[in-house]
Structures are given as structure tokens and as C-alpha cells.
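>>> give me a 3D structure for the following:
(4 chains, ligands or ions: 4)
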Amino acid sequence: MRFWFSVVRQAGRNLRQTWPSQLMTLLTVSLSVLIFAFFSLVYTNMINSSEQLGDDLRLIIYLEDDPGPEMQEQLRRKITNFDRVEDIVFVSKEEAYKRFAEQLGGHRDVLDDIPKDFLPASVEVIPLKNLRSLNQIKLFSQYLSKLPGTLKVQYGQEWVERFYYFTRLLSIVVFLSGSLLILTTIFMVSYTIRLTIFGRQAELELLKLVGATNNYIRTPFLIEGVLQGLIGSSLGIFSLFLLYQWIKGHFSGPGLLELFSFTFFTPEVIIAIIFISIILTTAGSFTSIQKFLRI
Amino acid sequence: MRFWFSVVRQAGRNLRQTWPSQLMTLLTVSLSVLIFAFFSLVYTNMINSSEQLGDDLRLIIYLEDDPGPEMQEQLRRKITNFDRVEDIVFVSKEEAYKRFAEQLGGHRDVLDDIPKDFLPASVEVIPLKNLRSLNQIKLFSQYLSKLPGTLKVQYGQEWVERFYYFTRLLSIVVFLSGSLLILTTIFMVSYTIRLTIFGRQAELELLKLVGATNNYIRTPFLIEGVLQGLIGSSLGIFSLFLLYQWIKGHFSGPGLLELFSFTFFTPEVIIAIIFISIILTTAGSFTSIQKFLRI
Amino acid sequence: MTTNNASVNGTMVELIKVSKSYPPDVVALDNISLSINTGELFFMIGKSGAGKTTLLKMISYMEPPNTGLIEVAGHDLRRLRGNKLAKLRQRIGVAYQDFKLLLDRTVAENIAISMEVSYKQPSQIQKRVKNLLEQLQLSDKYNTITGELSRGEQQRITLARAVANSPTLLLVDEPTGNLDAETTGRVMQLLTKANNSGATVVIATHDESIFRNSKHRIMELDRGRMVSMKEATVS
Amino acid sequence: MTTNNASVNGTMVELIKVSKSYPPDVVALDNISLSINTGELFFMIGKSGAGKTTLLKMISYMEPPNTGLIEVAGHDLRRLRGNKLAKLRQRIGVAYQDFKLLLDRTVAENIAISMEVSYKQPSQIQKRVKNLLEQLQLSDKYNTITGELSRGEQQRITLARAVANSPTLLLVDEPTGNLDAETTGRVMQLLTKANNSGATVVIATHDESIFRNSKHRIMELDRGRMVSMKEATVS
Ligand SMILES: Nc1ncnc2c1ncn2[C@@H]1O[C@H](COP(=O)(O)OP(=O)(O)OP(=O)(O)O)[C@@H](O)[C@H]1O
Ligand SMILES: Nc1ncnc2c1ncn2[C@@H]1O[C@H](COP(=O)(O)OP(=O)(O)OP(=O)(O)O)[C@@H](O)[C@H]1O
Ligand SMILES: [Mg+2]
Ligand SMILES: [Mg+2]
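Ligands and ions are numbered 1, 2, ... in the order given. As a prediction, the model looks like this:
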């Protein structure tokens, strides 16, 4: 009881007396959390978005003839043997003709004289919607082209290929920036905490000398660490939320946001981020102070 | 002469005596330059890439009839009146038919009985290759659809639209990350410099008191600032170069890199980055020290 | 009364063959054996650099000796760790030669610190601090930032902090170096008062005026060696 | 010889109605007028907190006075700026009461600093430093980190730094507070030597042993006021 009374008073006094450097640490934590959360937000949203962009990705296998039900079953089995897929759609010659006629719209009458089976039948394979590598898609198409009765395999336009390269490059970029930033964050937070405690070396030494127990010395710093983690990360996330609102407000309207369903963190994730921040800052304070508590 | 001798010796001694915090500042500068340069590299490469991705973007205006040369001239003028464009291509009915036949490939014989003018003539407008907003493209297509003799305006697939949204989102992301990082960089560098100088407050005060001139006190710090900017930014850029090489080595092979022509900074840009770093660190040192030189 | 025949539980400080040297070749203390009785007032003198401060550092366990045994209040310092060491230190008051004041805190906070660590009541602390400042003629400096005081004023604050928690062992290093004769008198009064109320007091000094006519034991150090010991005179 | 009829170009320090107070209500100096002749050795005494250090701060222009005029070597300090002030300070050596040593540098570096700022030759600096350390019995501490010295040793280093650049005005604040009688004698020898070779020396002290039998002027301060001035006696 007396211990906690002393310790809380001590922590309060410390805050009052060293608020400039405390503020600096707080700012550092906020900024770090902001940057870090920003990147994970972008990353998760990007993965979602690229899934949506990849909707169109499908491998089209042109067949020599309309496959009978037995043949369809056989093809289906061979395809799923190679890889799990989202869906397999069979398009008969007649359906292909219908689609083409629809595409021509007002000019469909020009097709009147053409036999309805002039377009080949096909199988459309829609792969699973995750960021699979292009190599795999190429392999897949090579495999499919060797199936019996296959005329030709086509997988979307060049667009798909390009888009996949682009997504992959982006993943690398986000991953690397993420790593760099985590590095920076850890570096900055530990550095500021160390400096803050270093600036109070004299005080810590004196406390040891007048007979303060380790807990008496340590606890106010740990309280500070907890507060800094809590307030700093909350501030960081709050700023990010404002930023997010700003983006939403600024770029709303049809298109962008409905296409990409840009979402904020769920409450669970927010709590996790705050919790991890608290653990990190407290651990930082703890290890920094621990050095002074020997003898 | 004597001045420079003293000052260089002083700077050398400072470096020897305060190397841990000097190293800290150096690391901070390196990391900041690394992050910053990384982002500008990604950004410039991304813009290039999206230009290449956007190659396919073209507005197609289907016309009621093949335009005569006069009509072509008129259309051309009306289009360029609205906005500067990269190119305008007229596709006559006959050319449209030829393209279609080529697309059908082995099945072209089915077209034999069809009149060669069953496909409409069109004008293809290729916009300038900068990251124009979707709104503008929509406006453009609205405008074009009101031109005389226009059947319908079509601009690529949904792909194009999606791609543009994506690119735009990316620009925002990169811009925001950039801003955040510049903020962090400035904050970190100035903070470390301030702390470094703060830790030598006693020394600076004493120098003033024993009658050192302002230049005598200041110059070693400025030399340090220059060295830190020079070495720090060089280190940062060098690390980035290693990273770049790693990416190149790791993701080489056909496709990714040849598609995006991922390039490093030109020597001019590198020199500019180093130069700006030097100016920033030196200015940081200068302003920090200036506070101590009053009285 | 000599130290040697004092009963064991009457001994506050016991040093046996204590040596301390610093790299590369500074011998600060050389084979010192000494015992100080509970309730004694003990002077330690010697030229500058003789080892007085080092000896006080050994007793308060700021640094361990290279060799030798040190017992304070019956505890072997080498075996004391953590909270037990802290508890012992709460009962030792030290006035450091370099003050070790927190220059950005107020005078009251500096003095209070030694009482706070043993969880004294805030009201009690305040009363004690006021009382001490009065005895040292510094009543008007209660709320002053310690760094703004004159050197002699700081020296008195250091002493006040050492005395505040009514320690059983009081180590005082050069308490009057920055003080005039009159203020020196007041400081000595305070120390004598603490001694009279039972505290063992060890004073390291070179100020002849405070030990010249004293009836207490005076040990002289020279280059780390004990060169003389003037025994106490019965008044 | 009194100060009043000294010729103007024989005056090193001239204070006219100087007052200094600190917020909220500390009057450190109250209407002090004083002139110190070139080549004089001048004592300043007074109780702790009387204002001695503050007066020395005024003369070395560490802080400006609230009111009053201060001239040093014929320069009005209020008008001195930048390099001119620096040049003047190079000719003033100050031994601070709180030392102001760079504790993480070696002894030699600390002493050299006052010579380096006026671009003395490294060889000359080294010679001078060695010589001074010898006079103060600290030859073996040349390369020691200053923070590791005993308090009295640090005090002597402070004095050595003040004297090193052969200043024309030497301000010494409590130079013997941490020193024994013998070492005090050596320090006074050094100061007298500087004085004999032409330097004006101002010593603020409470150590009676160094001014009791002196034939020099002694000014006494009390709570910021000049309360007495013992004129110099012709030997
Ligand atoms: N941390 C240290 N590292 C190296 N040498 C040290 C250290 N502390 C003290 N010394 C040396 O040990 C010797 C004794 O130092 P100590 O401080 O005990 O002297 P002292 O008797 O207190 O002197 P003073 O009267 O000047 O305070 C001195 O020569 C000093 O330089
Ligand atoms: N920066 C400051 N802010 C507030 N008060 C100050 C400041 N400096 C000095 N004082 C006060 O002015 C008075 C005179 O201080 P000064 O340091 O001149 O005393 P002194 O004669 O040197 O004393 P000592 O012998 O103790 O060194 C003291 O009461 C001190 O508390
Ligand atoms: Mg000592
Ligand atoms: Mg003083």
C-alpha cells in the first residue's frame, strides 16, 4: 500500500519533471505505431484489392469438340488432380456462339448465315484467389495444353500476366518497407528510452545509494513504460484512423472504395497493437533500467 | 592556418571521445536516407511501371460510317481541342474486319460469306501516358460520345478502370508513406543531433568561458555534421544498392524485371541525395549549436 | 577505551585488512584494519588524495574492496544483496564530497529523498525537512531549485539529506569545505546532535578547526596507509 | 594607497553600483562599487551565500548585472560582443567553485583547454601542463581521467587550468575548500607567483589561514552588501 502510494507519486513527479523527454518518447512511439499500422493496413488492403483485381483471371482451354458428360468428368478430375481450383466452367460451341452474338450487339444479324458451331468449345478454369506466383500459372497452362482434345490454352490477356508481376513486385516492396520500418521503430524506441533513462542516471544512482529497493526504483519506470505504450500507440492508431477517414472522405464516390472495400482494423487488431506496444515499451524500459540496478 | 589546425584536431578528438553517440547519429542518418531513398526509388519505378501497364489504355469511338479525310481532320481537331493526347488512330471498316479475321486465326474461313463492312469503323484515342485521374477519362469519353456520327465510346476493359483505381490508390499510399517517413527522418535526425550536442553542453559552456570564439566552437561541430551527412547518406545509399542488387538477383529471369525495367538512381540523383543529406545534417548541427552560442 | 576491547555488538564498522587499488597502479587503500564503535564520533584526516573518500566508499559499499573484510552493523557487506543491502543503506546516511544533489529538483525534494525510500509519511517528511533547513539557516530556500544555490548552501543541503532519515551510521565527507567559520559551527552542532542521539558518525576532513580540540579518535591516512591514530581522551 | 586615487590605466576591474538579484526575491549583490588595481592581490570574504561567487560571475561576465557598470581592463562589458568578448576572456583565468571540469577527459586535456583556444603551440602547451602539475604535486595524474580524481585533486586541476594561459586577471573561487594545510600552501604559492609576475588576482574564500596575516586588501560581503574593506598594509 505504502509502496504503491510512493511509487505512483514518484511516477507522477517524474512525469512532471521530465515531460519534454517523455513527450519525445511518446511522439516516437506514436509515430512508430502510426507508420507500422499504416503499413500493415495498406498491406492487408492491398492483398484484398489484388484478389478482387484478380477476379478476371481464368485459364481458357479451347477444345476440339464439345465434351460429353463423361469427358467433362474426366477433364475435371485431371484438372483438380493438378491443383485445387476455384471453379471449372464448360462452354459448349453453342454457348460460345451466343456469347459472341451478344458481344456484337446490334450487328448480330451478320452471324445469321454462319454455322452455329464455328467457334470452338472451351473449359474455363478459375484458379483459387490467392497471390499465386506466375510460374505456377504458366506450369498449369502447360499441363492443361497436354490434356487430350485440347486445341490451345489461353489465360486472359497480357493484362493478367502484368498484373501478377505488378502484385508480386508490390508484395516485395511492402515487405521490404515493412522490415525497414520495424527495424527503425525498434531502433528509435529503444534509443529514446535509453536516452531518457540515461539522462536520469544521477537520480537512479542516488536512489540506489540512499537505499531504495530495486522495485522502488523500477516500478515508476515500468509505469511510465506502460503509459507510454498505451498513450503512444492509441495516439498513433487514432492518427491513422483520422488519416483513413480523410482518405475515405477525399476519395469517396463511385469506383475506388467500393471496388477495393478499403477497411480499417478490427477492434481485436487495435487492441492487439496497443497491447504489443505496451509490452515493447515496458520491456524497453525494463531492460534499460536493469543495467543501472546492478550494485 | 592555426585555426584550421586547432579545429581539425578538436573535431578528431571529439569523434574519438563521443563515438558512441556519433555512431548513433550516423546510423540514424543512414537509416533515414535508406528509407527515404528506398521510397523514392519505389515511387519512380512504380510510375514507370504503371506507365507501361497503362499502354493498353485507349478510348475507342465507334463511328456510324467510315470518315472521309475531311471528317477525320474535323474529329482530330475536336479531340485535341478537348485535351492533349498521345495519338489518334483511325480504323476503317475494312481494317476492323481484317483484325477480326486475324483474331479468329484458323477459323477465318467462317467469315468468307460475310460482307467486309459488317464491323463498324472506329477512332482509337490514346491518351498521354501520365497518371491521369479516372474522372478525366470518363469526362473525355462523355465528350467523345457527343461527337457527330458517334455510335458508342468504349475505353478498354474494366481492367483499365480497375488498374487506374489501383494506381491511384498506390500513389496515395506512396505519397502518404513518403510524407510520414520524411517527418520521421527530420524528427529523428534533429532529435539525435540535439541530444548529441546536449550531452556536450558542459564542454560548450566551458569553451565559451575560457574565451573560445564562436567559430572555434562551431566549426568542429559543422565538420562533424558534414562528415555525418556524407558518410551516413553514402552508407544508406550503399545499403539500398545492395538491397536493389539482391532483389535483382533474386527475382531475375524473364518477366518481372524486363517488364518493369527496375532501375537504380542515376549518379546525379545519388550525388543530389548525398548533398542534401550533408546540408540537412550540417544545418541541424548549426541550429542546435547556435542556441549555446548566445552570451 | 580502545577499539580493540569493545564488545562485538558494540561495533558499528569493522574493516579487516582492506585494500583498494585502481587501474593502472593507483593504490587508494593499503591494508587498512579498523573498527568503529556504535555511537562513536570518528575523525579521518589526511592529505588530499590520501584515501579518505575511498574508505568511506568501502563502508557504504559504493564500491567493493579488492581484498579484505568489511562488516557494517554486523553484516558482511560482500554477502549482502538486493533488498537487504537496500535496507542497510537506509540506515546509513552519507554526505558526499561531490554532493550528488539532483540539481533540477527543489531543496525540499533533495532532502526528502532519503526519507521517501523508507516510506515515511509525507507530513512527517515535510516537518523534518523544515526543521533541518532551519538549523542550517536555509529556511528561505525550501522551494528553491538546488542548482541555483551557492556552493556552501548546497553543501549544507547534502548534509541535511544525510541526516534526515536519522541514520544509525552517518558518513560525512569534507562537510565544511565551502563554509565559513560560523556556518561550520552550525554544521558541527548538527553532527554532534546526531551523535548524541546515538548515531555513529564518521567525519573525513582536513579542516583543523573542527577536530583540533576534539576528544574523539582521529585517524590519519597517507597514501592509502593508516599512519597514526589519536585515541579518544576521556573528558 | 587606496583604490580611489589609483590612476585609471592602473585599474583592472571597476564596478560601479552593481546590483544583481534573482527571481523571485534573492538579492545576491546590492549596490557594490569597487575598483581593483592592476597587479593587485585582492581577497573577498563573507559567509556562505553572501554573494562572492556572484560578484566573480559579474567580473567574468558569465551573467550580466541587473544594474550598474562593470569595466574590465578598460572594456565596458555590456558593450563587448562576439570575438572581442572572447579575446578578453582569454586573458581572464577563472577557477570555479564548482570546478567545471570535463570529467570524461584527461587531466592534461582539461588544463590545456584554456591554452588551446588562444592557439598556443602543442609542445608549449604540454610543457606548461607538466610544469603546473609538478607544482601542484600531481605529476602522476597527467593522463588520468579527471572524473577519477579525488575532490582535492580536481580542485587543483581547476586552478591549474585557470593559471595555465598566464592570464592578466585571475579569479579564484574558494581554491582550498577541499585541501589540507600543506597543499593549501602550495596553491597559495602558485597564486602568489602569478601575482608577482603581474597578474591581478582576486580570491574569494572563507579559509582564514590564507588571508589572516595577509597584507592585501580584504573585502567582506554580507547578504550582497559590502560590509567592510581592510586596506592593504605596506610591508
Ligand atoms: N575511480 C578512481 N579511479 C582511479 N583512481 C581513483 C579513483 N578514485 C580515487 N582514485 C585515486 O585514489 C586516491 C585516493 O582518492 P580519495 O578520493 O580517496 O582521496 P581523498 O583522501 O578523499 O582526497 P581529497 O581530500 O582530495 O578528497 C587518489 O589518488 C585518487 O586519484
Ligand atoms: N542562479 C541563481 N538563481 C537564484 N539564486 C541564486 C542563483 N545564484 C546564486 N543565488 C543566490 O544568491 C546568493 C549568493 O550566492 P553566491 O553563490 O554568490 O554565494 P557565495 O558567497 O559564493 O556563497 P558560498 O560561500 O556558499 O559559495 C545565494 O543566496 C544564492 O542562493
Ligand atoms: Mg575525498
Ligand atoms: Mg560561492
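>>> close to chain A: what parts of chain C are there?
C:60, C:62, C:82-83, C:86-92, C:94, C:100, C:102, C:104-105, C:109, C:113-114, C:116-119, C:161, C:165 (CB under 8 Å from any CB of the partner chain). No exception for glycine: its C-beta is placed from N, CA and C like everyone else's.
>>> next one: the spatially closest residue to C:Leu69 that is not a sequence neighbour from ligand 4, what distance?
Nearest residue to C:Leu69 in three dimensions, chain neighbours excluded: C:Ile16, at 4.4 Å (CB to CB, 6 or more residues apart in numbering or on different chains). Separation of C:Ile16 from ligand 4 (CB to the ion, to the nearest Å): 41 Å.
>>> repeat for A:Leu147
99 Å.
>>> got phi/psi on the residue in chain A positioned nearest to ligand 2?
Nearest to ligand 2, among the residues of chain A, is A:Gln17, at 18.0 Å (CB to the nearest ligand atom). A:Gln17 has phi and psi values of phi -90, psi -30 when expressed as degrees, to the nearest 10.
>>> residues from chain C in reach of ligand 2?
Residues of chain C lying near ligand 2 by CB under 6 Å from any ligand atom: C:148-153, C:178.
>>> who wins for neighbours among the residues you listed?
C:Asn178 (26 neighbours; other CB atoms under 10 Å in any protein chain shown).
>>> check the secondary structure at A:Val189 for me.
Under DSSP: H, G, I helix; E, B strand; the rest coil, A:Val189 falls in the helix class.
>>> can you pull the contacts of it?
Applying CB atoms under 8 Å, 6 or more residues apart in numbering or on different chains, we find A:Val189 in contact with A:25, A:28-29, A:32, A:280-281, A:284.
>>> quick one: those as CSV, columns for distance to ligand 1, neighbour count and pLDDT too.
Converted to CSV, the contacts of A:Val189 look like this (distance: CB to the nearest ligand atom, whole Å; neighbours: other CB atoms under 10 Å in any protein chain shown; pLDDT from 0 to 100):
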residue, distance to ligand 1, neighbour count, pLDDT
A:Thr25, 32, 24, 77
A:Thr28, 35, 24, 77
A:Val29, 37, 30, 81
A:Ser32, 39, 26, 78
A:Leu280, 36, 23, 85
A:Thr281, 34, 30, 86
A:Gly284, 30, 25, 84
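>>> ok, those vs A:Val91, which is closest?
Among these, A:Ser32 lies closest to A:Val91 (CB to CB), at 53.0 Å.
>>> and the helix or strand bottoming out on mean pLDDT in chain C, is it in reach of chain D?
Sorting the helices and strands of chain C by mean pLDDT, DSSP states H and E puts helix C:208-211 at the bottom, at a mean of 88. Yes: Helix C:208-211 comes into contact with chain D (CB under 8 Å from any CB), by way of C:Glu208.
>>> which residues are in contact with the next helix or strand after that helix?
Sequence-wise, the next helix or strand downstream of helix C:208-211 (DSSP states H and E) is strand C:217-222. In this structure, residues lying in contact with strand C:217-222 by CB under 8 Å, 6+ apart are C:3, C:34, C:40, C:42-47, C:50-52, C:55, C:211, C:226-232.
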